[in-house]
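# after the sequence you'll find the predicted model.
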Amino acid sequence: MAVTDLPILGMLRTKMQWHQARQKLIAENVANADMPGFRPRDLAGLTFDRATGEPVGGNPGLARTSESHIVPAGTEAPGADPRRFKGFEIRPSGNGVNLEEEMMKAGDNQSDYQLAASLYQKSLDALKIAVGKR
């Protein structure tokens with residue numbers, strides 16, 4: 001078993017991949033803020049099974065094997081969770097993107113990603129110290 005196959009490192013890698021995918025969706029929401037009828041999307045929360053350390057509810061790191069597997073923007077996609085809109089949040093054009101909310105989500109997502117990356121690095125440093133490589 002390789003050192004990088006430890007469950008904690010696998011969980012942190014999966015968490016960072018989830019944050020990367022979420023950042024892509026947030027950026028898509030911001031980019032389409034003026035498109036009539038566009039509905040913003042967000043990823044469903046990532047949870048891990050306590051016993052195995054595996055993500056629950058699907059694998060966020062699936063590989064794209066065909067161009068036809070990618071769903072066009074604004075439509076439902078696996079893992080995407082369309083938000084519920086209140087009547088006042090949707091503009092007359094039908095667009096439901098709230099730029100302030102998207103920017104807050106982007107900042108929170110960035111800080112959570114940095115936390116996971118820092119924990120990953122510190123875990124690797126601790127392993128290096130344990131095996132005497134440092």
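That came through, no problem. Numbers count the residues shown, from 1 in each chain.
# CA only for contacts and neighbour counts going forward, please
Will do.
# can you map out the strands along this protein?
Taking DSSP state E, the strands of the chain run over residues 41-43, 47-48, 55-56, 80-82.
# each with direction, which strands does the first one pair with?
Read that as strand 41-43. strand 80-82 (antiparallel) (DSSP bridges).
# ditto for the third one
In its sheet, strand 55-56 lies beside strand 47-48 (antiparallel), with partners assigned from DSSP bridges.
# just for the protein, where's the confidence low?
1, 4, 53, 57-89, 134 (pLDDT under 70).
# again, 50 this time
Applying pLDDT under 50 to the chain picks out residues 59-61, 72-74, 84-88.
# report the distance from the biggest helix by length in it to the chain centre.
What stands out as the longest helix in the chain, according to DSSP state H, is helix 99-131. Distance of helix 99-131 from its chain centroid, counting by C-alpha atoms, centre = their mean, to the nearest Å, is 12 Å.
# near Val3, how many other residues are there?
Here the number of neighbours of Val3 (other C-alpha atoms under 10 Å) works out to 10.
# now stretch 10-28, how far from the chain's geometric center?
3 Å.
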